[in-house]
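>>> pasting the sequence and the predicted coordinates here, then a few questions.
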Amino acid sequence: KPQELAIVQAVAAWREREARERDVPRGRVLKDDAIYEIAQQAPRDATALGRLRTTPKGWERSATATALLSAVNTALSLPKEAMPKLPKTFQPPEGSSAAAELLKVLLRIVAEKEGVASKVLASSDDIDRIAAEGDAADVPALQGWRRAVFGEQALRLVRGEIGIKFNKRRIAVFDL
């Protein structure tokens, strides 16, 4: 929700400032889990903050907690039009999930062969977009060196130029 996103942004910015002032890692100021819970529960006062499971007992009475509550209340007081807009998530068209699964198998084959983590070559969003949009997908996996290593083969699989088969207890790519 936009209100939750506004709280996450405000609390994360506060945590970053606090961590820099104290010269400590962000996680020592406030853990990510606590930020998520604060965004969901939107505590307006110390009592509400004290009820959260991700904050230490008694912490809600500290000066640090007071500064945190100020950031939360500032985010809550934003008018609706000033709330952050949620990015629209990509919804793959119906029927492209099977193609995405084949592309994931190809990605694993290529990653093993190249000795690189599959996440480095393509994200799941990249895979979904390639399955749905083919050559028109504007994703990192179809740019630069990633295209040469994985992207071209992925597009060939989508176009039906190559296939995947089970050969002697191993999965292999073959030309059609």
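Looks like it arrived, so ask away. Numbers count the residues shown, from 1 in each chain.
>>> show me how far stretch 154-167 is from its chain's centre.
28 Å (Cα atoms, centre = their mean, to the nearest Å).
>>> buried stuff in it?
Burial within stretch 154-167, assessed by neighbour count using 16 or more other Cβ atoms under 10 Å, is assigned to 154-158, 162. Using the backbone N, CA and C atoms, a C-beta is placed for each residue, glycine as well.
>>> now, among those, which is nearest to residue 102?
Closest approach to residue 102 among the buried residues of stretch 154-167 (Cβ to Cβ): residue 157, at 6.3 Å.
>>> what's the burial count for residue 172?
Residues near residue 172, counting by other Cβ atoms under 10 Å, number 11.
>>> nearest spatial neighbour of it, skipping sequence neighbours?
The shortest distance from residue 172 to any residue other than its chain neighbours is 5.8 Å, reached at residue 165 (Cβ to Cβ, 6 or more residues apart in numbering).
>>> distance of that neighbour from residue 173?
Applying Cβ to Cβ, to the nearest Å, the value for residue 165 to residue 173 is 8 Å.
>>> any shared contact partners between these two?
Here residue 165 and residue 173 share no contacting residue, scored by Cβ atoms under 8 Å, 6 or more residues apart in numbering.
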